[in-house]
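Peer 1: how would this look folded up:
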Amino acid sequence: MKYSLLATTALVALSSPAFAEITISGTARIGLVTTEGAAAIAADSVFNMLTDDALFVEAMDDVTAYEVGAYVDQDSTRATIDATIATDITPDAEEMTQVETLRTSIAEVARLGATSALRAKAKIDLASIDGIIARTNATTNAAVAKASDTTVGKNRVRIAFAGSGTTDGGLTYGFSARADHSNTSTGGSQYISGAFGKISMGDLNGGDEQLVGNLSGVGSSGAGSHQEFAYQSSAHNIGYSVSMAGVSFAATTDLVRGADSTKTGSNTAYGVKWSGDMGGATVGLALGASKIGNVTEDSMSIGVSMGGLSIKAVSHTNDNGPAVAAVVASASTTSGTTHVAAVGAVANSDTDTTGLSISYAMDAMSVTAYTRTESTAGVADKDYSGVGFTYNMGGATLKAGFVDANDISIMDFGINFSF
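Peer 2: Down below sits the predicted model:
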């Protein structure tokens, strides 16, 4: 239900042939969300030594390639590591402790070695072993106790404002905002449109998300909103869109706003969508793409609606940036040769996300189900699925949903109001 501010409309009408109005609407909800506690996680350490045992051995050989006895007198750990290397180890906590101890010995020789030549060699070895330590990328995960199940109340009210108008020349303009937005930021959005299309600024989704979209969700408060896809363009603040003959196009970007942020590289998103009637069914096909810095995303969706049945499938790929090749440290005593530090390999594997949602409405009641899977090479798949229903009581809607969020159960029940 919307209420027009007739006084404002009347004033504008008296002063100009153009027309303008402001409307106010509101939404509210009350409900409960129960979330299953996460399972306990044991403590562990992960060492990522260039993802290859042989590279670790090669890297350590760079350090041990000099005079074998140079550091043995300082610490017997050198002989221990030499013996361990021969077995082609994968770096773990024990070996890395030995490497750290060896580094202490090398640092001592670099500072107090008997001759300048020995000190020079030790300094190069010190740089090499620092590179090895840096690229092990040791990550220690602390133990996490099992979390308890939780039930929380979910309540919210929002007041929305919208305005629209038409100039003498036929251009349409307007805005939308919520009560929690501020006119000193990008809160809300504003637009002007005409035969040329529509230019928008403010709190926008990216052009790809605008047209490709997300799946249908369940629950009074969204039950975690796992039906949504992680579009990297969601913070864009200026866009252009146009529609003609059933085809829509949208393009957006994020302009630097004073000292708010520093943007580098590409920062664009595009979407195109065709929709039309096929045999009595409304069909929509959308494609989207975005590039933020060096990371690109591609997305697509297809939706079909007929009678009370709506089906939508979405596919989303994020390339996570270019892969970084491993570089083994190099060291030399040749005059003028610069030491090259090690670089750890970073796979930056693509993340592919696919999903499907189905909704069926019958009179005042509707039922919705969805499933979504995230797949990244080298990482276990993450699966999300949900089912829920709504019942419209006229101004108030009863909503309930159950979601399996990657083996964590969420139940969401409540009543949503509209004004």
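
Peer 1: hey, let's count contacts and neighbours off CA atoms from now on
Peer 2: Will do.

Peer 1: ok, which stretches of the protein are helices?
Peer 2: 6-15, 53-64, 77-85, 93-112, 116-135, 207-212 (DSSP state H).

Peer 1: looking at the ones you listed, which has the lowest confidence?
Peer 2: Set side by side, the helices of the chain show their lowest mean pLDDT on helix 6-15, which sits at a mean of 43.

Peer 1: List the buried residues of stretch 267-287.
Peer 2: Of the residues in stretch 267-287, those scored as buried under the neighbour-count criterion (16 or more other Cα atoms under 10 Å) are 267-275, 283-287.

Peer 1: Show residues contacting that stretch.
Peer 2: Stretch 267-287 is contacted from outside by 206-212, 233, 246-254, 288-293, 298-307, using Cα atoms under 8 Å, 6 or more residues apart in numbering.

Peer 1: what's the span of that stretch, first residue to last?
Peer 2: Across its full length, stretch 267-287 reaches 18 Å end to end, with Cα to Cα, to the nearest Å as the criterion.

Peer 1: Check stretch 209-229 too.
Peer 2: For stretch 209-229, the first and last residues are 9 Å from each other (Cα to Cα).

Peer 1: sorry, back to before: please pick the buried ones from the contacts of stretch 267-287.
Peer 2: For the contacts of stretch 267-287, a neighbour count by 16+ other Cα under 10 Å gives the buried set as 206-212, 233, 248-254, 288-292, 298-305.

Peer 1: Filter the residues you listed down to the ones in strands?
Peer 2: Among the buried ones among the contacts of stretch 267-287, the ones falling in strands (DSSP state E) are 248-253, 288-292, 298-305.

Peer 1: Mind splitting this protein into its structural domains?
Peer 2: For the chain, whose domains are defined here by automatic domain parsing, the residue ranges read 3-39+146-418, 46-141.

Peer 1: any idea which of those scores lowest on pLDDT?
Peer 2: Taking mean pLDDT as the measure, domain 46-141 is lowest among the domains of the chain, coming in at a mean of 61.

Peer 1: Quick check: the closest residue to residue 122 other than its chain neighbours vs residue 127, distance?
Peer 2: Spatially, and ignoring its direct neighbours in sequence, residue 122 is nearest to residue 110 (4.8 Å; Cα to Cα, 6 or more residues apart in numbering). For residue 110, the distance to residue 127 (Cα to Cα) stands at 11 Å.

Peer 1: Could you do residue 165 as well?
Peer 2: With distances taken as Cα to Cα, residue 165 is found 68 Å from residue 127.

Peer 1: Those two: who's more crowded?
Peer 2: For residue 165 versus residue 127, neighbours defined as other Cα atoms under 10 Å are more numerous around residue 127 (21 against 18).

Peer 1: Next, count neighbours for residue 116.
Peer 2: 12.

Peer 1: again, but for residue 150
Peer 2: Other residues within reach of residue 150, judged by other Cα under 10 Å, total 11.

Peer 1: Could you do residue 168 as well?
Peer 2: 10.

Peer 1: when you give positions from now on, start the count at 304
Peer 2: Okay, using 304 as the starting number, the last item reads as residue 471.

Peer 1: For it, which phi and psi angles does the backbone take?
Peer 2: The phi and psi values for residue 471, taken as degrees, to the nearest 10, are phi -60, psi -30.

Peer 1: Same check on the one 3 residues further on?
Peer 2: Geometry field for residue 474 lists phi and psi as phi -80, psi 140, criterion degrees, to the nearest 10.

Peer 1: residue contacts, the residue nearest to it when sequence neighbours are not counted?
Peer 2: Spatially, and ignoring its direct neighbours in sequence, residue 474 is nearest to residue 497 (5.0 Å; Cα to Cα, 6+ apart). The contact partners of residue 497, taken as Cα under 8 Å, 6+ apart, are 473-475.

Peer 1: likewise residue 614?
Peer 2: Residue 614 touches 606-608, 659-662, counting by Cα under 8 Å, 6+ apart.

Peer 1: Look up the closest residue to it, ignoring the ones flanking it.
Peer 2: Nearest residue to residue 614, sequence neighbours excluded (Cα to Cα, 6+ apart): residue 661, at 4.6 Å.

Peer 1: for the one you found, which residues make a bridge with it?
Peer 2: residue 614, residue 672 (DSSP bridges).

Peer 1: Could you give the number of residues near it?
Peer 2: Burial of residue 661 is recorded as 21 neighbouring residues (other Cα under 10 Å).

Peer 1: go on, residue 668?
Peer 2: The tally of other residues near residue 668 (other Cα under 10 Å) stands at 15.

Peer 1: Could you pull up the residues touching the spatially closest residue to it that is not a sequence neighbour?
Peer 2: Here the nearest residue to residue 668 in space, its sequence neighbours aside, is residue 694; by Cα to Cα, 6+ apart that works out to 4.5 Å. Listed by Cα under 8 Å, 6+ apart, the contact set of residue 694 reads 667-669, 700-702.

Peer 1: try residue 452
Peer 2: Remark: with contacts taken as Cα under 8 Å, 6+ apart, residue 452 is in contact with 337-340.

Peer 1: now with 6 Å?
Peer 2: When contacts are counted by Cα atoms under 6 Å, 6 or more residues apart in numbering, residue 452 touches 338-340.

Peer 1: start to end distance for stretch 405-424?
Peer 2: End-to-end distance (Cα to Cα), stretch 405-424: 15 Å.

Peer 1: buried residues in it?
Peer 2: Buried positions in stretch 405-424, judged by neighbour count with 16+ other Cα under 10 Å: 405-406, 408-413, 416, 421-424.

Peer 1: With distance to residue 652 as added columns, please give these in CSV.
Peer 2: Converted to CSV, the buried residues of stretch 405-424 look like this (distance: Cα to Cα, whole Å):
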residue, distance to residue 652
405, 34
406, 33
408, 38
409, 37
410, 37
411, 41
412, 42
413, 40
416, 46
421, 44
422, 42
423, 41
424, 39
